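> Structure for this input, please:
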Amino acid sequence: MGRLALFQCCRRHYGRIRRPRPINRPLETVHGGVCLGRDWDHHDVSHAAIARECYRYIIDAVSQLLRRPPKNLEHLSCVIDACLDKSLEHIDIVTLNHDILLEETLRSAGIDFADGFGGPIGQARLWAPDSFTSQRVRLFKQHGSINWYRVRVKLDGRYQKTVMIPLVNDIEHIQIGDEEDRPLLSPQPVILGGTFNKVLSYASGIFSDVFYRMRTSMDQSKCIIISGYSFGDKGINTRLIDWVEDGEDRRIILLHEDPRALHHGARGAIRNHWENWQRTKRLIVVERWLCDSSHDEIISLCHD
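Purely as a prediction, here's the structure:
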């Protein structure tokens, strides 16, 4: 069990910031290990360092919890039916989740799909965004994944930093190609946390690649099916608004058990368009979840 020196949020007192009072609180190690657990002298640690370490701890805790095996995958049967529908030329799935349930579901159904990573190189698959063009079914994970890791590998005669999906459990000693060096840069998975920082991340690294391909996919589509999204991501909301407003024949099929609560909790940019989109039939609201709907029913709504 590691210990982390946490601080109370500083409060303003007579126009000055009061000296924070240290709180030493043990952080229990998540089963399987976390990347944190340091004994710090609180006099030598800035608030920024504490915030960064807390953020890393949250990422580690979330990733460990998401590794628990699911009880079943039946709630994704509608997704499988869509992928098996040969009348659909392309199936593009965008998820903001970090888990790997969709990948496991598609593989268990024998469905080939592109996730942006190339074929095996040693004990890993490396990020290769051009691979998105190789499959009819594509999966875009805009917020990263619990099985993505940053590595430094030798490619084309020089070392480069990239992202991998390991094919073995021992990522600390993973072998990529013929290199004997340990390529892993961090045991922490590449996932986005927080709220407003996500928008900035969409313009850098692997996330810019995913966002570009997601945008290209949307521009080539006439119908988008949404289920389980809160409309809380400003970057995604902006892209959705631009997509709908750029064509009168574009339509969102929204599946949600309580659309009124969803409308109330959505960010203002979406709420401001909601009624007009419904009136012009560019937003079709279905009061149930995707898992309670059939593929044929959803397809019919796209063509009405």
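> For the rest of this, base every contact and every neighbour count on C-alpha atoms.
Will do.
> and residue 285, helix, strand or coil?
Local secondary structure at residue 285 is given as strand here, using DSSP: H, G, I helix; E, B strand; the rest coil.
> Skip the chain neighbours and tell me the closest residue to it.
Excluding its sequence neighbours, the residue lying closest to residue 285 (C-alpha to C-alpha, 6 or more residues apart in numbering) is residue 254, at 4.9 Å.
> So residue 151 lies in a strand, does it not?
Yes. Residue state for residue 151 (three-state DSSP) corresponds to a strand.
> who's in contact with it?
With contact set as C-alpha atoms under 8 Å, 6 or more residues apart in numbering, residue 151 has these partners: 161, 162, 163, 164, 183, 184, 185, 186.
> separation between it and residue 111?
Applying C-alpha to C-alpha, to the nearest Å, the value for residue 151 to residue 111 is 28 Å.
> Now tabulate the contacts of residue 151 in JSON lines and tack on neighbour count, pLDDT and secondary structure.
Converted to JSON lines, the contacts of residue 151 look like this (neighbours: other C-alpha atoms under 10 Å; pLDDT from 0 to 100; DSSP: H, G, I helix; E, B strand; the rest coil):
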{"residue": "161", "neighbour count": "14", "pLDDT": "92", "secondary structure": "strand"}
{"residue": "162", "neighbour count": "16", "pLDDT": "95", "secondary structure": "strand"}
{"residue": "163", "neighbour count": "24", "pLDDT": "97", "secondary structure": "strand"}
{"residue": "164", "neighbour count": "25", "pLDDT": "97", "secondary structure": "strand"}
{"residue": "183", "neighbour count": "20", "pLDDT": "90", "secondary structure": "coil"}
{"residue": "184", "neighbour count": "21", "pLDDT": "92", "secondary structure": "strand"}
{"residue": "185", "neighbour count": "15", "pLDDT": "93", "secondary structure": "coil"}
{"residue": "186", "neighbour count": "13", "pLDDT": "92", "secondary structure": "coil"}
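> closest to residue 58 among those?
Proximity of the contacts of residue 151 to residue 58 (C-alpha to C-alpha) peaks at residue 186, which lies at 15.5 Å.
> Can you give me the end-to-end span of stretch 276-283?
According to C-alpha to C-alpha, stretch 276-283 extends 9 Å from its N-terminal end residue to its C-terminal end residue.
> got it, and stretch 97-115?
Taking C-alpha to C-alpha as the measure, stretch 97-115 stretches 14 Å from start to finish.
> So what touches it?
The contact list for stretch 97-115, computed with C-alpha under 8 Å, 6+ apart, reads 63, 66-67, 70, 73, 76, 80, 83-84, 131-141, 143-147, 191.
> Please flag which of the residues you listed sit within strands.
Helix and strand membership here follows DSSP state E; of the contacts of stretch 97-115, those in strands are 137, 138, 139, 140, 141.
> The first one: neighbour count?
Neighbour count for residue 137, taken as other C-alpha atoms under 10 Å: 22.
> Any figure for the gap between residue 90 and residue 195?
Using C-alpha to C-alpha, which is the criterion applied here, residue 90 is 31 Å from residue 195.
> For these two, indicate the residue with more neighbours.
When neighbours are counted by other C-alpha under 10 Å, residue 90 comes out ahead of the other of residue 90 and residue 195, with 16 against 10.
> wouldn't that one be in contact with residue 139 here?
No. Proximity of residue 90 to residue 139 does not meet the contact threshold set by C-alpha atoms under 8 Å, at 11.2 Å.
> Name the residues contacting each of the two.
Residues touching both residue 90 and residue 139 do not exist when contact is defined as C-alpha under 8 Å, 6+ apart.
> Of all residues in this protein, which one is nearest the centre?
If you average the C-alpha coordinates of the chain and look for the closest C-alpha using C-alpha atoms, centre = their mean, you land on residue 143, 2.5 Å from that point.
> State the distance from that residue to residue 253.
Residue 143 sits 22 Å away from residue 253, going by C-alpha to C-alpha.
> List the buried residues of the helix ranked longest in the chain.
Counting residues, the longest helix in the chain under DSSP state H turns out to be helix 47-65. Under the neighbour-count criterion of 16 or more other C-alpha atoms under 10 Å, helix 47-65 has 50, 53, 56, 57, 58, 59, 60, 61, 62, 63, 64 buried.
> what ranges of the stretch 151-300 of the chain fall below the confidence cut-off?
Per-residue confidence of the stretch 151-300 of the chain (counting by pLDDT under 70) places the weak regions at 178-180.
> For stretch 187-197, measure first residue to last.
The distance separating the two terminal residues of stretch 187-197, taken as C-alpha to C-alpha, comes to 21 Å.
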